[in-house]
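Q: Provided below are the primary sequence and the corresponding predicted coordinates.
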Amino acid sequence: MQVVEAARQVLALREAIRDGVLELAREQARVAIPLADQHARDRMRNDAERRRWSAMRRDLEAIAADPAHLATAPLAARLAALPEQLDEPAPPEPSLAELLELD
């Protein structure tokens with residue numbers, strides 16, 4: 001009976017640790033999404049690199065929505081499973097002249 005109780009305690013501890021790790025993964029994914037999006041839209045990067053960043057952004061979004069997504073496959077396999085996508089670059093910042101309103 002003691003062995004069964006010890007096993008239950010170990011499994012409960014494992015579950016608590018797993019939950020904490022998955023919540024940390026969710027938080028870190030949320031923080032990283034804007035950076036991945038910025039790289040995916042960066043006009044100075046080549047298209048292949050922008051596609052990889054786009055895939056990474058989408059994977060991070062999936063992790064933020066459901067951190068158990070991490071356990072579905074290794075990162076390389078998850079990224080390879082995503083369809084190729086080239087995100088539109090961010091529109092250029094308006095110049096000072098464009099910001100001035102002339103009457």
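A: In hand now; what should we look at? Numbering: from 1, shown residues only.

Q: remind me which residues of this structure are low pLDDT?
A: Applying pLDDT under 70 to the chain picks out residues 102-103.

Q: quick one: the strands in it?
A: Listed in chain order, the strands of the chain (DSSP state E) amount to none at all.

Q: apart from its chain neighbours, what residue comes closest to the residue nearest the centre of it?
A: Centroid check for the chain by Cα atoms, centre = their mean gives residue 60 as the closest residue, at 1.3 Å. Closest residue in space to residue 60, ignoring its immediate chain neighbours: residue 29 at 4.4 Å, by Cβ to Cβ, 6 or more residues apart in numbering. Backbone N, C-alpha and C define where each C-beta goes, glycine included.

Q: next one: residue 33
A: Looking at residue 33 with Cβ to Cβ, 6+ apart, the closest residue is residue 60, at 4.9 Å.

Q: so who does the one you found touch?
A: Going by Cβ atoms under 8 Å, 6 or more residues apart in numbering, residue 60 touches 29, 32, 33, 36.

Q: quick check: it vs residue 36, distance?
A: Relative to residue 36, residue 60 is positioned 6 Å away (criterion: Cβ to Cβ, to the nearest Å).

Q: got a list of what residue 68 touches?
A: By Cβ under 8 Å, 6+ apart, the contact list for residue 68 reads residue 22.
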